[in-house]
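Q: Provided below for reference: sequence and predicted model.
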Amino acid sequence: MLPGLFGRMLIKVMGPDATRKFKAPQSFQPSSSDVDASVVDSFVAHQRELSALLMTAANLDLRRTIITSPVSRFVTYSLLDGYKILIAHEKRHLRQAQEVREAVGFPSGA
């Protein structure tokens, strides 16, 4: 019961449409605030690596495999919800990048 509750809650909170802002746990904060010019290439490479890792679990029962949150050992959810959390979180990052790109003063590339 708790894994399902935690999973649904995290998917909603981490999604691109979430309105509440929150600070990432210390273990997930970037080491610097400087944005390297290769950030998009790094993001794409990360997505490919993540996709390959997700495929390694193709034979598992994603609904019944329970995992522990990397942030809190108390929080558990199904591997399927873990996948959904990852997808929601990545979509959130893409939405944030779009907001930055559309911000006044962002370089137009011209």
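A: Great, that's in hand.

Q: I'd like the distance between the residue most central in space within the chain and residue 82.
A: Taking C-alpha atoms, centre = their mean, the centroid of the chain lies closest to residue 89, which sits 2.8 Å from it. Noted for residue 89: a distance of 11 Å to residue 82, by C-beta to C-beta, to the nearest Å. In this view, the C-beta of every residue, glycine as well, is placed from N, C-alpha and C.

Q: try residue 88
A: Counting by C-beta to C-beta - residue 88 and residue 82 are separated by 11 Å.

Q: Comparing these two, which residue is more hemmed in?
A: Using other C-beta atoms under 10 Å as the criterion, residue 88 and residue 82 rank with residue 82 on top: 24 against 19.

Q: can you list the residues that contact the helix or strand containing the more buried one?
A: Using DSSP states H and E, residue 82 maps to helix 79-102. Defining contact as C-beta atoms under 8 Å, 6 or more residues apart in numbering, one finds that helix 79-102 is touched by 3-4, 6-8, 10-12, 14-16, 18, 43, 47, 50, 54, 57, 60, 62-63, 65-67, 77, 106.
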